[in-house]
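> Make a model of this:
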Amino acid sequence: AGHLRPIPPTCSMGVQLRALFWRAFTNYRRDRMLFKVRLGQAVFFGVIVGLIYFQMGWQQTDIQGRAGAIFFTLINQCMPAMMGIVHTFPAENAVLRRETGNGMYSVQAYFFSKVLSEIPFQIVFPTIFSTIFYWMTGLNPLFGRFVRFTLMIVTFSIASCQLGLLVSALAGSLSVALAIAPALMMPLILFGGFFTTAGSLPGWCAWIRYISFFFYGFQGLMDNEFENATFECPQKAGPCFATGDEVLMLFGVQLSFWPSWLLVLLFTFLFMFLALFVIMCKQGVGPCGRRKRKARQH
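I've put the predicted structure just below:
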């Protein structure tokens with residue numbers, strides 16, 4: 001069956017956003033068990049990972065531990081943010097089509113209300129996790145580094161949430177979304193800069209790291225951790241990385257924190273507007289909707 005053209009809403013975008021945001025936020029607030037689970041998850045993983053990497057020192061053996069802890073943190077923040085949102089559009093597609101078709105609100109207002117209602121949780125829970133994890137593991141003790149670490153983790157979590165919305169928009173059902181998400185995540189993680197460096201990648205696939213937001217998150221957090229750091233060198237002969245700059249060269253880190261953070265933020269908006277574009281096309285509005293209507297007329 002063809003899509004019916006949605007009736008334009010009679011109220012302003014601001015009114016639509018406020019109403020839809022409050023409805024979505026109220027639904028989150030009513031589900032207190034979900035809130036408790038997500039809070040418990042942030043505390044649990046913060047403590048568990050903090051205990052595994054508890055109070056790392058500045059020995060040669062701690063270099064790999066610090067890099068591993070940083071990369072694991074990115075994975076840990078991405079998976080819940082992404083997998084917790086992929087069910088959204090398959091579950092609400094019928095309601096969305098009916099209500100937008102009746103002119104209750106626009107597709108854009110619905111989409112941005114979902115984004116805005118999720119952001120507070122993507123700020124609070126990663127911040128709780130970061131606070132526990134950072135000080136338990138003994139990462140760079142400068143408070144400014146902790147603030148930058150938390151900023152990157154929060155931004156990365158929001159970007160992961162937007163990627164989950166994009167997967168949700170592309171999938172026609174929850175089962176398809178759950179199949180797409182892990183398949184999409186694995187290459188992003190593999191080319192994130194921890195498991196493979198630029199020099200170890202074949203030329204035909206080395207470019208993939210530049211479209212992985214894991215790559216930029218890892219680059220930024222590595223620079224944040226190792227810049228101006230010093231490590232103790234044992235008396236025994238063997239390779240020794242005495243400075244953080246040498247460690248950054250070892251892992252192929254070329255970007256400093258702020259350019260890396262801006263690129264993660266760019267990916268956030270890229271995922272967001274791609275998801276909006278897909279939803280609008282599926283609902284028959286915007287450029288895709290106009291092309292479909294012209295095709296049916298011919």
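
> what's the pLDDT at the residue nearest in space to the middle of the chain?
In the chain, the residue lying closest to the centroid (Cα atoms, centre = their mean) is residue 160, at 1.9 Å. The pLDDT attached to residue 160 in the predicted structure is 96.

> how much space is there between it and residue 93?
Here the distance between residue 160 and residue 93 works out to 22 Å (Cβ to Cβ, to the nearest Å). In short, each C-beta sits where N, CA and C put it, glycine included.

> sorry, back to before: make sure the residue nearest to the centre of the chain is indeed in a helix.
Yes. Assignment of residue 160 by DSSP: H, G, I helix; E, B strand; the rest coil places it within a helix.

> how about residue 201, phi and psi?
As for residue 201, its main-chain torsions (degrees, to the nearest 10) stand at phi -90, psi 140.

> Help me confirm that it comes into contact with residue 215.
No. Taking contact to mean Cβ atoms under 8 Å, the distance of 11.4 Å between residue 201 and residue 215 leaves them out of contact.

> shared neighbours of the two, which are they?
Overlap of the contact sets of residue 201 and residue 215 (by Cβ atoms under 8 Å, 6 or more residues apart in numbering) consists of 191, 209.

> And the two? Which one has more around it.
Looking at residue 201 and residue 215 with other Cβ atoms under 10 Å, you find the greater number of neighbours at residue 215, namely 24 against 16.

> ok, now which ones touch that one?
Counted by Cβ under 8 Å, 6+ apart, residue 215 has contacts 191, 192, 193, 209.

> I'd like to know which of the residues you listed is nearest to residue 234.
Checking the contacts of residue 215 against residue 234 by Cβ to Cβ gives residue 193 as the nearest, at 27.1 Å.

> Would you mind confirming that that closest one makes contact with residue 255?
No. Proximity of residue 193 to residue 255 does not meet the contact threshold set by Cβ under 8 Å, at 10.1 Å.

> which residues are common contacts for these two?
Applying Cβ under 8 Å, 6+ apart, one finds that residue 193 and residue 255 are jointly contacted by residue 219.
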